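Peer 1: my questions concern the predicted model and sequence given below.
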Amino acid sequence: MTVSFQRTPSSTPIVNGAIWRLPLATIVLAGTAWVCGAGAGPVPPLGPLLDPMTGVWSMPAAAELPRSVEAELPGLGAPVSILYDERGVPHVFATREFDAYRALGFVVARDRLFQLEIQTLAAAGRLTEIAGPPALTADREMRRLGLPRSAERKLAAMGKSSAERQTLTAFADGVNAYIEEMHPSDLPLEYRLLGRQPSRWEPVNSLHLFNRMGWTLALEDGELSRLSIRARVGRAAADALFPVRSPIQEPIQPNGRSAPRFDFTRIPAPGAPDSAAERELAVLRELLPSTTLDVDRETRAGDALGSNNWAVAPGRTVGGAALLAGDPHLDLTLPSIWYEAQLTVPGVLDVYGVTIPGAPAIVIGFNRDIAWTFTNTQADVLDFFEETVNDAAHPTRYRVDGVWRDIETRLERYRGRHGEIVGTDTVRFTHRGPLRRAGDRWLSMRWTVLETGNDVSVFTAMSKAKSVDGFRRATEPYVAPAQNMLVADRAGHIGIRSTGKFPLRAGDGRGDVIRDGAHAANDWQGSWPVARYPGAVDPAQGFLASANQQPIDPNVDPGYLGNDWFPPWRAMHINELLRKGPAATPDLMRRYQTDPGSARADFFIPVLSRAARQRPARPACVRSASLLGEWDRRYMRDNRRAVLFEAAMRALPRLLWDELRPNDTRVGDLPSDQIVAELTVDSSSVWWDDRRTPLVEHRDDILCEALEEGLAETLRLRGQPDDVRWSWERVRFANIRHLLRLPALSALDIPMQGGPSTLNPSSGNGTYGASWRMVAELGPEVRAWGTYPGGQSGNPLSSRYLDRLPQWTAGTLDTLRFPHRPEDLAGTRVRSWLTLVPTRR
Amino acid sequence: MSARDWILLVVRATGFALVTATGGWLTVPVTAAVWSALPTAERHREIKLALAAVLSWALLLLWNARQGDTSRLLAVLGGTLQVPPVSLIVLTLALPALLAWSASIVASAVGRFVARLTARRPPQPDAV
């Protein structure tokens, strides 16, 4: 820009040489002010963003916890002392229980404010408010599933003075107090980039969060898989390919065996396509949200979404105390899904563990007497009912047993970034749940996640339990998502129970069919009595373990609980380690959590080798098997054979399941590898024949071909077998993405030990894995260790944002400090003090 | 620049820094406008005000840099916005410059216009 300086501004003529200056300046002023104040397109308002005092430039100064600070918190009954230890974990010492929950809300908001809000918006179907119309699809799914309505109803069902309601309110008070007192420089970066300010936290938000957990863990799509296969090869084959009974039985509830039981049977030949199933499939595909299909097939097949837990009785431990270990595998995000905290109220509550930001309780953890952890039960808790409606286009009533009932309607409005309405929906509900149209049919859905319960109280109660029995009693009312709840106590008891509301259904009890809603007899008939829940206490084998496998041996209880069990490879490996390993120590438990061994590789490598021996005239097959023979079947980062095995295992379903349209890679459309295992004992099964070739293939032909294809692919992509590119650490990575998927705020391409179906699974796109690892020793004084991938702070500028990643990657754990009193956390172990005091005004 | 100009620069930069610290970015154009509306003759006043505004924000950035790890901020923010980190500094300093410069010119013109209206005589071109 060239500027003429011939005159002083006060004497600049408007009409001669500098005539352009005023219009130009006006345009610049207006434009700059607009961009600073309102932003432009995706650019946030630059004024607040770049303001040197309150904008991003002020953030580094506020990134670390101050040494000591005092804050006011309305509603507090008495001052609360909070000490942050060297790992950034707040230890809350309160004198009243609800004060502890207020303080929890405050400290969680302090570290994870943006996460609190975005999780809630996602669960409430309100993401359009920050992302605009692109989020409309995701929001519609949430609302059409009835999740926001359910949260509101759950809140309304609580008495205003109930402990549960007071807990939610106390937590909300804490969050809001932080928002009100927050210095502008504490505003999280994400808000600045989005040009937003934090919203007030409402008690219902915690319930949205619990519902979101249910959506993540209990929205099963196993029915889709079975139906799609049934449509292609008929019911008998589909039932065998997606069996309700796992063909490898290693149940959570010990069945008295000292080894897995292989219930392998002959899989029926492909039958005629089932057109009825094809129609039902089309219906269900419209109803089950597409987000359930987000997980790539390899991730799902590799168990990266599964979880592990196990406990060892004192008789099998070196220290003579029960040991408990747990590592829930979930979406790996930054900040982490978990937040560590201690809540202590003398005589009432003394608990340490991890909470999900927004939950007013410790979800997984330990107290002075017990430790507990969960894996997902995978139960079928969702059913569809075809309704008879009065108007196929705009129904207002539906008929049950000849009586018309009113359909409840709810107008859903989706708001954009500036409050404008970007979409509307009319969502309908029957007494069963949300009613949706699929083609020319109307189906309502019943789902335990939507049903009222006392789950907040259950989490509070489990924190206070003092024994395995007490924990089991405390968790009896728990509804959803059903969890395999593992607990150990200082008295040396261990126990596990698959806990949640399991529907009792009419007829054969199966939940994988669409029932006729016109008859009340087809409704759920109640739920399983707690006494029938799969589980065990102090089993003779001296340990308990779960890894999302079928909870109970169907020979023990054939009742229908679900059909979407994970292959038991991880369970088999845990049990083998615990059965055959030395007496357990906490460190051994820790090492098991990232043990690179694989029951899946142990099963398939001999099968593949045998096939190669049967086909000596196929040199590539023999070479491939020979290379695999050099492998110890452990997914260490430096091993150079796992890559070949995985390539062969990827080729195998492609070659084997030609009858099932193998090019269709939609999630769950192909049987799991435990079915492949089952098929390997039937060498002449027609399934082995590749119908696309004129020959009739035998099992060993297909296995050999898989070996050959795997070798060819690996050679093509990675060079010769001694090439460093064959190293597992060049193959599989963890990818821990920021909640907004911003690469600069994410931790990507982290080499991992572990592979598909190992205890520390790394599969597919690497965005799922062990979200929290904990080991607890229930000795005279409970000791525990833990870590998660990320850090306590959600601020990317904080040293606590990603400080735990090295431990998590290496498989080491931090000592979790659990002081009785503030004074016990002395000296350099205290990073910061926060004192919350009642509002003085 | 004369000694007076330097003193004015420091005074104005201090003033911009203070108002920014207390009232935020929006005070920069407002302050520049107020200073420009003052009926004093000064050559290149809008440029000097812009310079003072830049200097004030530069000082505030330096002050912030002493309080925390600004290099990490630059890396994170540059990566997030997918721009070179240094461009964030340039952009940050450009804002007060543009705001002060443009507000100064507009305020001067408005001031003159108001003065002429007040004097109840038709607007005349300024003498050279």
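Peer 2: Okay, I see it.

Peer 1: just give me the neighbour total for whichever residue of the stretch 451-600 of chain A sits closest to chain B.
Peer 2: Nearest residue of the stretch 451-600 of chain A to chain B, counting by Cβ to the nearest Cβ: residue A:594, 29.5 Å away. Where C-beta positions appear, they are placed from N, C-alpha and C, glycine not excepted. Residue A:594 sits with 21 neighbouring residues when counted by other Cβ atoms under 10 Å in any protein chain shown.

Peer 1: excluding sequence neighbours, find me the nearest residue to it.
Peer 2: Distances taken as Cβ to Cβ, 6 or more residues apart in numbering or on different chains place residue A:811 nearest to residue A:594, at 3.5 Å, with adjacent residues excluded.

Peer 1: okay, that neighbour and chain B: tell me how far apart.
Peer 2: 27 Å (Cβ to the nearest Cβ, to the nearest Å).

Peer 1: identify the residues contacting that residue.
Peer 2: A:590-591, A:593-594, A:753, A:760 (Cβ atoms under 8 Å, 6 or more residues apart in numbering or on different chains).

Peer 1: would you write a PyMOL line that selects the buried entries of the residues you listed?
Peer 2: If you want just the buried ones from the contacts of residue A:811 in PyMOL, going by 16 or more other Cβ atoms under 10 Å in any protein chain shown, the selection is:
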select buried, chain A and resi 590+591+593+594+753+760
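
Peer 1: can I get the contacts of residue A:811 in TSV with pLDDT and secondary structure?
Peer 2: Converted to TSV, those look like this (pLDDT from 0 to 100; DSSP: H, G, I helix; E, B strand; the rest coil):
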residue	pLDDT	secondary structure
A:590	98	helix
A:591	97	helix
A:593	97	helix
A:594	96	coil
A:753	91	coil
A:760	92	coil
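
Peer 1: how about the contacts of residue A:811, which pair is most distant?
Peer 2: A:590 and A:753 (13.2 Å; Cβ to Cβ).

Peer 1: how about low-confidence regions in chain A?
Peer 2: Scanning chain A for pLDDT under 70 picks out A:1-18, A:220-222, A:288-304, A:661-668, A:763, A:841.

Peer 1: try it again at 50.
Peer 2: By pLDDT under 50, the weakly predicted segments of chain A are A:1-17, A:290-295, A:662, A:665-667.

Peer 1: centre-most residue in it?
Peer 2: The centroid of chain A falls nearest to residue A:330 when counting by Cα atoms, centre = their mean (3.4 Å).

Peer 1: three-state assignment of it?
Peer 2: What DSSP: H, G, I helix; E, B strand; the rest coil gives for residue A:330 is strand.

Peer 1: name the nearest residue to it, ignoring sequence neighbours.
Peer 2: residue A:771 is the one closest to residue A:330 (Cβ to Cβ, 6+ apart), at 4.1 Å.

Peer 1: what lies in contact with whichever strand or helix holds residue A:647?
Peer 2: Take DSSP states H and E as the rule and residue A:647 turns out to sit in helix A:642-656. Residues external to helix A:642-656 that are found in contact with it (Cβ under 8 Å, 6+ apart): A:298, A:601, A:604-605, A:608, A:624, A:627-628, A:631, A:635, A:662, A:670-671, A:673, A:676, A:679, A:687-688, A:690, A:702-703, A:705-707, A:709-711, A:713-714, A:718, A:721, A:726-728, A:731, A:755-756.

Peer 1: surely residue A:576 is in a helix?
Peer 2: Yes - the assignment for residue A:576 by three-state DSSP puts it in a helix.

Peer 1: which ones are touching the residue nearest to it when sequence neighbours are not counted?
Peer 2: Spatial nearest neighbour of residue A:576, chain neighbours left out: residue A:599 (6.9 Å); criterion: Cβ to Cβ, 6+ apart. If a contact means Cβ under 8 Å, 6+ apart, then residue A:599 has A:568-570, A:572-573, A:576, A:757 as its contacts.

Peer 1: how many residues are close by the residue of the stretch 101-250 of chain A found nearest chain B?
Peer 2: Here the residue of the stretch 101-250 of chain A nearest chain B is residue A:193; by Cβ to the nearest Cβ that distance is 6.8 Å. Neighbours of residue A:193 under the rule other Cβ under 10 Å: 20.

Peer 1: which residues touch the residue nearest to residue A:330?
Peer 2: Contacts of residue A:771 (Cβ under 8 Å, 6+ apart): A:327-332, A:336-338, A:788-789.
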